[in-house]
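[1] how would this look folded up:
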Amino acid sequence: MAELIDGKQLAKKVNAQTEQAVTELKTQGIEPKLVVIIVGDDEASRIYVRNKNRKAQQLGINSETKQLPKDTSQTELLKLIDQYNQDETVHGIMVQSPLPSQIDEAAVTRAISPAKDADGFNPENVGKLYANSDLNFPVSCTPKGIMTMLAAYDVQIAGANAVIVGRSNIVGRPMAALLLNASATVTVVHSHTQNMQAYTREADILIVATGIAHLIKGEDIKPGATVIDVGMNRDENGKLTGDVDFESASKVAGKITPVPGGVGPMTIATLMQQTVELAKWSE
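    Numbers count the residues shown, from 1 in each chain. Model (predicted):
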């Protein structure tokens with residue numbers, strides 16, 4: 001039976017470090033501030049933003065949520081982002097997805113100042129990640145949180161065969177860059193990959209982020225592999241489940257994340273950690 005990678009417990013440790021860092025910054029007269037902009041009334045987004053806001057306040061981070069109506073124009077949104085870019089009291093800005101159809105998400109991502117890019121999606125920061133820059137810059141929170149998990153559970157990355165299932169800009173692509181920067185041999189498979197299992201069965205580290213429930217079964221996994229399940233799906237009973245079939249996978253893997261309680265808590269903990277880093281770097 002695989003060792004469980006407990007994202008909840010690890011997130012508590014990361015949050016404790018973040019809270020300490022906030023206290024230290026405040027003694028220097030810096031109060032980390034995160035602004036989350038939400039457009040429209042998507043219920044899942046509102047719950048997620050509320051959780052972020054609550055966690056920030058618990059850690060002593062000044063958190064502001066700006067709720068805009070569904071019919072907000074792109075021009076209005078970009079103008080608001082620019083105001084926050086110019087506001088020296090704001091250290092992190094993020095715009096919650098999904099956005100209404102009249103707004104170009106890529107334009108919004110480009111509009112957020114790279115120095116305040118809490119999500120790490122701005123092309124300038126993505127470029128620094130792919131260039132393996134030695135400068136300070138934010139990184140997409142889920143992949144960054146996964147790297148923290150791998151380190152905490154002593155997973156050997158250098159020289160490992162790492163396979164990522166999924167190629168999104170939020171998880172798959174930045175994850176590939178982080179693992180490559182850490183000297184893994186990286187393969188990205190996706191919907192157009194032929195015989196995907198031939199790749200997943202060779203993975204020492206397998207990271208699955210597709211949004212397809214139970215796509216990866218135990219038979220698709222190399223015995224002893226570390227399996228990171230980024231998926232958050234609802235089954236027919238409304239219960240949260242992952243992209244990996246946990247029951248069969250946990251009998252084969254060496255280490256595995258559960259859903260819920262795996263990657264999810266680490267994503268929010270990393271967002272808080274990164275907001276504080278942005279405040280530090282702004283000095």
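
[2] buried set for stretch 203-215?
    203-210, 213-215 (16 or more other Cβ atoms under 10 Å). Backbone N, C-alpha and C define where each C-beta goes, glycine included.

[3] sorry, wrong one. I was asking about stretch 123-130.
    125-126, 128-129.

[4] most widely separated two among the residues you listed?
    Farthest apart among these by Cβ to Cβ are Val126 and Lys128. That separation is 7.4 Å.

[5] now the helices for the stretch 151-283 of the chain?
    For the stretch 151-283 of the chain, applying DSSP state H, counting those that start in this stretch gives helices covering 172-181, 196-200, 246-249, 263-281.

[6] same list (those helices) but as CSV, adding mean pLDDT and mean neighbour count.
    Shown next, in CSV, are the helices of the stretch 151-283 of the chain (pLDDT from 0 to 100; neighbours: other Cβ atoms under 10 Å):
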stretch, mean pLDDT, mean neighbour count
helix 172-181, 98, 22
helix 196-200, 98, 17
helix 246-249, 98, 18
helix 263-281, 97, 24
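
[7] the ones you listed: which one's closest to His91?
    helix 263-281 (4.1 Å).

[8] same for the closest one, what does it pack against?
    Where contact means 3 or more Cβ pairs under 8 Å, 6 or more residues apart in numbering; DSSP states H and E, helix 263-281 is packed against helix 7-27, strand 33-39, helix 43-58, strand 92-95, helix 141-152.

[9] can we see that at 6 Å?
    Here helix 263-281 is seen to pack against helix 7-27, helix 141-152 when contacts are counted using 3 or more Cβ pairs under 6 Å, 6 or more residues apart in numbering; DSSP states H and E.

[10] would CSV of the buried residues of stretch 203-215 with pLDDT and distance to Arg46 be doable?
    What follows is the buried residues of stretch 203-215, written out as CSV (pLDDT from 0 to 100; distance: Cβ to Cβ, whole Å):
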residue, pLDDT, distance to Arg46
Ala203, 98, 36
Asp204, 99, 39
Ile205, 99, 34
Leu206, 99, 33
Ile207, 98, 28
Val208, 98, 27
Ala209, 98, 23
Thr210, 97, 25
Ala213, 96, 24
His214, 97, 28
Leu215, 97, 28
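
[11] of those, closest to Pro69?
    Nearest to Pro69 among the buried residues of stretch 203-215 is Ala209, at 31.5 Å by Cβ to Cβ.

[12] that closest one and Val139: what is the separation?
    To Val139, Ala209 is 15 Å away according to Cβ to Cβ, to the nearest Å.

[13] what of Ala152?
    Plainly put, Ala152 is 17 Å away from Val139 if you go by Cβ to Cβ.

[14] same question for Thr148.
    Taken as Cβ to Cβ, the span from Thr148 to Val139 is 11 Å.

[15] do Gln57 as well
    With distances taken as Cβ to Cβ, Gln57 is found 24 Å from Val139.

[16] show me which of the two is the more surrounded one.
    Neighbour comparison, Gln57 and Val139: the larger count goes to Val139, with 24 against 11 (by other Cβ atoms under 10 Å).

[17] so for that one, what's the nearest residue that isn't a sequence neighbour?
    Gly120 (4.4 Å; Cβ to Cβ, 6 or more residues apart in numbering).

[18] phi, psi for that neighbour please.
    phi 70, psi 30 (degrees, to the nearest 10).

[19] now swap in the one 3 residues further on and tell me
    For Pro123, the backbone dihedrals (degrees, to the nearest 10) come out as phi -50, psi -30.

[20] so what's it closest to, chain neighbours aside?
    Arg110 (6.4 Å).

[21] tell me the phi and psi of the one you found?
    Arg110 adopts backbone torsions of phi -70, psi -30, taken as degrees, to the nearest 10.

[22] return the residues in contact with the residue nearest to Asn53 when sequence neighbours are not counted.
    Distances taken as Cβ to Cβ, 6+ apart put Ser63 closest to Asn53, at 4.8 Å, once the chain neighbours are dropped. For Ser63, the contacting residues are 34, 53, 56-57, by Cβ atoms under 6 Å, 6 or more residues apart in numbering.

[23] for Ser63, list each beta-bridge partner.
    Leu34 (DSSP bridges).

[24] mind checking how far it is from Asn237?
    To Asn237, Ser63 is 33 Å away according to Cβ to Cβ.
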